[in-house]
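1. Predicted model follows, preceded by the sequence.
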Amino acid sequence: MKRIKPVLLLFVGLAALAAYLMLTRKGSTLKGELNDFAFADTAAVTRIFMADKDGRRVTIDRQPGGAWTVNGKFTARKDAIDNLLNTIKSVEVKSPVGKNLYNNTMKLMAAKSVKVEVYAGSEAVKVYYVGHPTMDNLGTFMYLEGSTVPFITHIPGFNGFLSTRYFSSEAEWRDKSIFRLDPRSITRVGITEYLRPARSFTLDRQPDSSYVVFTTIGTKPVLPLDINKVRAFLAAFSETYFERIDLDIKPERRDSVLRAGPFAEIRVRTDAGKEMILTCYRKPVTSQSRLQIDFTGEDLPFDYDRFYARLQGDSTLLVCQYFHFDRILKDPVNFSPGPDSAPAQSRF
């Protein structure tokens with residue numbers, strides 16, 4: 001027992017010394033205010049600003065109703081903002097960057113990183129830089145403004161890196177909806193098909209909440225109407241999306257598309273007096289087009305799967321799918337009732 005007691009005392013002493021060294025080292029190099037990237041109260045976040053080394057900047061603002069806007073122009077993608085807020089809340093430090101990696105890490109972050117500013121009200125509660133992933137893709141290099149060392153960060157339980165959640169492209173942040181309207185709020189829809197005038201029509205809601213369809217050719221309305229077909233048509237405006245923004249189109253190709261003129265125009269008016277106009281243009285066939293020649297081997301005159309569109313007041317060329325818009329670009333005769341249709345002129 002006499003021999004064991006000094007050994008125990010030595011072991012306890014060494015453990016206490018190790019604990020002391022760890023705590024003092026943590027206090028000197030991992031100070032809480034220099035490694036705490038997370039901001040738990042994401043409900044208080046009002047603005048997120050991000051900028052990359054290529055000069056792209058994006059400001060995402062929370063609106064009174066809870067939605068988020070991009071650069072004060074567009075609605076932000078809900079999935080992307082939810083993902084980012086979860087990251088802001090959950091990100092943790094995995095380890096500090098060692099001395100052997102410090103210089104190289106800082107050099108890479110200086111060349112390519114995203115600056116992130118998180119605001120609660122007018123106060124910037126977090127300012128940090130998001131860099132590249134680690135070699136195993138399970139961590140992300142980040143540097144908190146005011147720190148003396150970068151860190152490897154992660155989200156516990158998530159196997160991957162976080163840099164893809166911090167992007168500063170306005171186009172990528174933009175919500176892909178074109179029309180997101182309550183069908184019952186729509187008072188008029190006008191469809192103009194320039195190449196097929198017989199398919200042009202206007203659908204009007206009457207004071208008694210019934211509907212009338214007028215064709216461009218002639219002044220008589222299409223009678224009778226199948227209310228279920230009218231409902232299906234108006235419901236298409238509750239969720240109408242574009243596929244993507246064509247960021248790679250060359251100026252000369254863009255000018256050629258616009259000079260050719262539109263093939264269709266869609267106008268929608270609501271109870272509030274708001275009118276939205278979508279102008280549609282043929283998209284030229286490219287190497288990415290699914291179909292490039294017809295059954296005779298001749299080149300197709302335009303892409304048969306996708307077209308370009310522009311919303312009034314926005315110069316962005318949106319890529320849309322004909323398949324998705326077939327619900328809207330209809331022949332007015334499709335509103336006529338069939339043998340099992342609902343009564344004509346029924347209300348919504």
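-> The structure has been received and is ready for your questions.
2. Which residues does stretch 181-192 contact?
-> 199-205, 216, 231, 233-235, 237-238, 264-272, 328-330, 348 (Cβ atoms under 8 Å, 6 or more residues apart in numbering). Any C-beta I mention is one placed from the backbone N, CA and C, and that applies to glycine too.
3. so where's the protein uncertain?
-> 1-34, 218-220, 287, 292-297, 339-348 (pLDDT under 70).
4. rerun at 50
-> By pLDDT under 50, the low-scoring segments of the chain are 1-4, 6-33, 344-348.
5. Name the residue closest to the centre of it, please.
-> Arg77 (3.3 Å; Cα atoms, centre = their mean).
6. how far away is the closest residue to it other than its chain neighbours from Gly66?
-> Counting by Cβ to Cβ, 6 or more residues apart in numbering, Arg77 lies nearest to Asp175, which is 5.0 Å off, once chain neighbours are set aside. Distance, Asp175 to Gly66, using Cβ to Cβ, to the nearest Å: 14 Å.
7. more crowded one of these two?
-> Between Asp175 and Gly66, counted using other Cβ atoms under 10 Å, Asp175 has the larger neighbour count: 20 against 6.
8. ok, that one - contacts?
-> Asp175 makes contacts with Phe74, Thr75, Ala76, Arg77, Lys78, as judged by Cβ under 8 Å, 6+ apart.
9. Quick check on it: phi, psi?
-> Dihedral pair for Asp175: phi -60, psi 140, per degrees, to the nearest 10.
10. can you pull the buried residues of the longest strand anywhere in the chain?
-> For the chain, the strand with the greatest residue count under DSSP state E is strand 123-133. Along strand 123-133, the positions that meet the burial threshold by neighbour count (16 or more other Cβ atoms under 10 Å) are Lys126, Tyr128, Tyr129, Val130, Gly131, Pro133.
11. is it true that Cys320 lies in a strand?
-> Yes. Counting by DSSP: H, G, I helix; E, B strand; the rest coil, Cys320 is part of a strand.
12. residue contacts, it?
-> Ile178, Phe242, Glu243, Cys280, Arg306, Phe307, Tyr308, Ala309.
13. List only those of the residues you listed flagged as buried.
-> Ile178, Phe242, Cys280, Arg306, Phe307, Tyr308, Ala309.
14. is it true that the fifth one touches Cys280?
-> Spelled out, that is Phe307. Yes. The criterion here is Cβ atoms under 8 Å, and Phe307 meets it with Cys280 at 5.6 Å.
15. what touches both of the two?
-> With Cβ under 8 Å, 6+ apart as the test, Phe307 and Cys280 both reach Phe263, Cys320, Phe325.
16. Nearest to Val45 among those residues?
-> Cys320 (32.9 Å; Cβ to Cβ).
17. any idea how far that closest one lies from Thr270?
-> From Cys320 over to Thr270 (counting by Cβ to Cβ), the distance is 21 Å.
18. Show the residue spans covered by the strands in the stretch 101-250 of the chain.
-> For the stretch 101-250 of the chain, applying DSSP state E, counting those that start in this stretch gives strands covering 114-120, 123-133, 140-144, 151-154, 177-179, 186-193, 201-205, 211-215, 221-222, 240-241, 244-245.
19. Tell me which stretches of the stretch 201-348 of the chain form helices.
-> 227-235, 251-260, 322-325 (DSSP state H, counting those that start in this stretch).
20. out of those helices, nearest to Thr148?
-> It is, among these and with distance given as Cβ to Cβ, helix 251-260, at 46.5 Å.
21. Mind listing what's buried along that closest one?
-> Val257.
22. and what of stretch 139-146?
-> Gly139, Thr140, Phe141, Met142, Tyr143, Leu144.
23. And for stretch 311-328?
-> So for stretch 311-328, counting by 16+ other Cβ under 10 Å, buried means Leu311, Thr316, Leu317, Leu318, Val319, Cys320, His324, Phe325, Ile328.
24. Distance of the third one relative to Ile249?
-> In this case it means Leu317. In terms of Cβ to Cβ, Leu317 sits 6 Å off from Ile249.
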